[in-house]
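Trainee: my questions concern the predicted model and sequence given below.
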Amino acid sequence: MAARDDPATDRAPDRGLVVVVEDESVIADVVRRYLTAAGFAVRICRTGQEGLAAVRADRPVAIVLDIGLPDMDGLDLCRRLRDGGDWTPVLFATARDEDVDRILGLELGGDDYLVKPFNPRELVARVRAVLRRAGGPGGAGAAALRVGRVRIDPGRRRVWVDPDPARPAAGGEEREVDLTATEFDLLLHLARSPGRVFERAGLLSAVWGYASAAGARTVDVHVAALRAKLGDASPIRTVRGVGYAADDR
Ligand code: CA
């Protein structure tokens, strides 16, 4: 009996559901086996439409998303989710370098990516890291903090910016900003030590939970996305040749 041969099936899935949108069945099967062994329930979807429907119906804790799908581009799928207000953490899987450029270059709210062929253990580690970010490090009840014109509620994982004091005509209401889990954690990490300069490698291991050669660029792209969303209220300062700091001003 096949199920008895597979240690993955001996463990009850209790870490939540991961939707895997992947049309290559060999990859999908390997991913399923490793995620199941790590305690996740897994639903494999072969097309983008199926993936969209599964995400909407089943509310997964994370999505592993192939870019090259038969009926749509995985980046479009992610964009449609985000446009619909769905911020489920997304881990992109891609076989092409140019896709990495697109993932990093667009503000899609993807949380991480892996380049095929990837080590399935690495994929499991990345999924865990994405979920750790999505669920923390704020923690329920953690005190709100403020850096410059940005107010952060770590427990509820929400962020607001104050109106520009120099432009009262622009309106006096603070504005809530939608951030991805990764953007939120990066901002929170910087904001917890105002003025302190963090190196990219340190940010990568603290926020992403791993170190990689390509990591510096990942940090830069997320900082750029944060700045775009926070606008002129962004407290993030570039320290040339070193990294970033959040200034409380
Ligand atoms: Ca594919």
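Mentor: Received it, and whenever you're ready, just let me know what you need.
Trainee: so what pLDDT did the residue nearest to residue 115 when sequence neighbours are not counted get?
Mentor: Closest residue in space to residue 115, ignoring its immediate chain neighbours: residue 94 at 6.0 Å, by Cβ to Cβ, 6 or more residues apart in numbering. All C-beta atoms are positioned from the backbone trio N, CA, C, and that covers glycine. At residue 94, the predicted lDDT confidence score is 89.
Trainee: surely residue 94 touches residue 116?
Mentor: Yes: taking Cβ atoms under 8 Å as the contact criterion, residue 94 and residue 116 are neighbours in contact, 6.6 Å apart.
Trainee: show me which of these two is the more surrounded one.
Mentor: The residue with more neighbours, out of residue 94 and residue 116 and counting by other Cβ atoms under 10 Å, is residue 94; that gives 21 against 15.
Trainee: give me the domain ranges for the chain.
Mentor: Under automatic domain parsing, the residue ranges defining each domain of the chain are 9-135, 145-246.
Trainee: now the element after the lowest-mean-pLDDT helix or strand in the chain, going C-ward?
Mentor: Of all the helices and strands that make up the chain, the one with the lowest confidence by mean pLDDT, DSSP states H and E is helix 2-5; it has a mean of 42. Moving toward the C-terminus from helix 2-5, the next helix or strand (DSSP states H and E) is strand 17-21.
Trainee: what residues does that following strand touch?
Mentor: Counting contacts by Cβ atoms under 8 Å, 6 or more residues apart in numbering, the residues outside strand 17-21 that touch it are 28, 31-32, 35, 40-48, 50-51, 54-55, 58-66, 69, 74, 77, 127.
Trainee: give me the buried subset of those residues.
Mentor: With burial judged by 16 or more other Cβ atoms under 10 Å, the buried subset of the contacts of strand 17-21 is 28, 31-32, 35, 40-46, 48, 50-51, 54-55, 60-66, 69, 74, 77, 127.
Trainee: residue 133 against residue 181, yeah?
Mentor: Yes: counting by Cβ under 8 Å, a contact exists between residue 133 and residue 181, whose distance comes to 4.7 Å.
Trainee: common neighbours of these two, please.
Mentor: Contact criterion Cβ under 8 Å, 6+ apart; residues shared by residue 133 and residue 181: 89, 111.
Trainee: leaving out chain neighbours, which residue sits closest to residue 49?
Mentor: Across the structure, with Cβ to Cβ, 6+ apart as the measure, the residue nearest residue 49 apart from its sequence neighbours is residue 71 (5.8 Å).
Trainee: and residue 76, that's in a helix?
Mentor: Yes: for residue 76, which was evaluated using DSSP: H, G, I helix; E, B strand; the rest coil, the result is membership in a helix.
Trainee: surely it is in contact with residue 48?
Mentor: Yes: counting by Cβ under 8 Å, residue 76 does reach residue 48; the two are 7.3 Å apart.
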